[in-house]
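Engineer: Turn this into a structure:
(one chain, ligands or ions: 2)
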Amino acid sequence: MSNLPFANDAISPCIGLEITGLDLNTLDDDTTAAVRQAFNDRHVLVFRDQDMTPEQQVRFAERIGEPDIYPMVRGLDGFPMITPIVKEAHEQVNFGGLWHSDTTYLEKPPMATMLLAREIPPVGGDTMFASQVAAYDALSDGMKAMLAPLKGVNSSSKADVTRTREDRVKGDEAKKSFDSVHPVVRTHPETGRKALYVNVGHTVRFDGFTEEESAPLLAYLHRHQIREEFQCRVRWRPGTLVMWDNRAAQHYPVNDYHGHRREMHRITLKGDRVA
Ligand code: OGA
Ligand code: MN
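Structural biologist: Numbers count the residues shown, from 1 in each chain. Ligands and ions are numbered 1, 2, ... in the order given. The predicted model follows:
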């Protein structure tokens, strides 16, 4: 994007922007506004070479939005808003290891998530993203009309997803189940653009329909919404901070680095009711 006051490169045609030479610890108001503009346009911002303490990560998060507390996993000591996302060298299952938008089973899912890479395998452990704005735009008019009135039932207890966090959950939270109903197509509160808002991790059925009735159309949407031409892929380095828009993108952490440790520090930013 040429109108931004920092060096940047698109990662793919429709999603993702890599930003270099910007220190997130010293953002002024104009630069923060430019970061927001880039975020709204590109859904995924990749900031390289950040040297941040946990305090500084929280301060940056507070410049962009309001940090939230993740219900399932305990935060860092002294920083309840920072959730460590760790896969140890001996572990096989990775956190959130399937395509999803974050915690869509909450009534007000987080608008954004930021991950700061602390420890990264020598190769692998990339994260994929898919633009749900591009996915929506590519649907036929007939499909758009059919989806317009539908709502999706989102649950925290789909089996594949609970497996990806079962060793990590806080004691009592493991038993809790959250459910929320959201429009299948949402309108971005800042850009006005429409995006698909079902995901294979959490959406169990259409509201008013059985799971069996919902399954064929959901299966089609889950295939469609992650097509390669809607994607970008982020390769991490220690000190890379990625902030993504859960209202406009889904993500998938690639689990290809068994035998190596990976540690990310995660903050989510509060979102609105989905509309
Ligand atoms: C998350 C998540 C992706 C990753 O933190 O919400 O899905 O690459 N993580 O670790
Ligand atoms: Mn996630």
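Engineer: Run a quick neighbour tally on Glu55.
Structural biologist: 12 (other C-beta atoms under 10 Å). Bear in mind the C-beta positions are built from the backbone N, C-alpha and C, glycine included.
Engineer: pretty sure it belongs to a helix, no?
Structural biologist: Yes: using DSSP: H, G, I helix; E, B strand; the rest coil, the assignment for Glu55 is a helix.
Engineer: Show the contacting residues for it.
Structural biologist: Residues in contact with Glu55 (C-beta atoms under 8 Å, 6 or more residues apart in numbering) are Phe79.
Engineer: what about stretch 182-199, how long is it end to end?
Structural biologist: 11 Å (C-alpha to C-alpha, to the nearest Å).
Engineer: does ligand 1 sit close to it?
Structural biologist: No: figure legend: stretch 182-199 not in contact with ligand 1 (C-beta under 6 Å from any ligand atom); closest approach 11.2 Å.
Engineer: just use 30 as the starting number from now, easier for me
Structural biologist: Will do, 30 is the new start, and the previous item becomes stretch 211-228.
Engineer: Name the residues of that stretch that are buried.
Structural biologist: By neighbour count on 16 or more other C-beta atoms under 10 Å, the buried set for stretch 211-228 is 211-215, 217, 222-228.
Engineer: helix/strand/coil for the nearest residue to Ala244 once chain neighbours are set aside?
Structural biologist: Among residues not flanking Ala244 along the chain, Arg234 sits closest, at 7.9 Å (C-beta to C-beta, 6 or more residues apart in numbering). Here Arg234 is strand, with the state taken from three-state DSSP.
Engineer: OK, contacts around Arg234?
Structural biologist: The contact partners of Arg234, by C-beta under 8 Å, 6+ apart, come to 181-182, 240, 242-244, 247.
Engineer: go again using 10 Å as the cut-off
Structural biologist: When contacts are counted by C-beta atoms under 10 Å, 6 or more residues apart in numbering, Arg234 touches 180-184, 227, 240-244, 246-247.
Engineer: residues in the stretch 30-179 of the chain within reach of ligand 2, list them.
Structural biologist: Residues of the stretch 30-179 of the chain found near ligand 2 (C-beta under 5 Å from the ion) are 125, 131.
Engineer: Going by proximity to ligand 2, name the top residue of the stretch 30-179 of the chain.
Structural biologist: In the stretch 30-179 of the chain, no residue comes nearer to ligand 2 than Gly125, which is 3.9 Å away by C-beta to the ion.
Engineer: That residue falls within a helix, correct?
Structural biologist: No: judged by three-state DSSP, Gly125 forms no part of a helix; its state is coil.
Engineer: the helices in the stretch 180-304 of the chain, which residues?
Structural biologist: With DSSP state H, counting those that start in this stretch as the criterion, the stretch 180-304 of the chain has helices at 188-194, 240-253.
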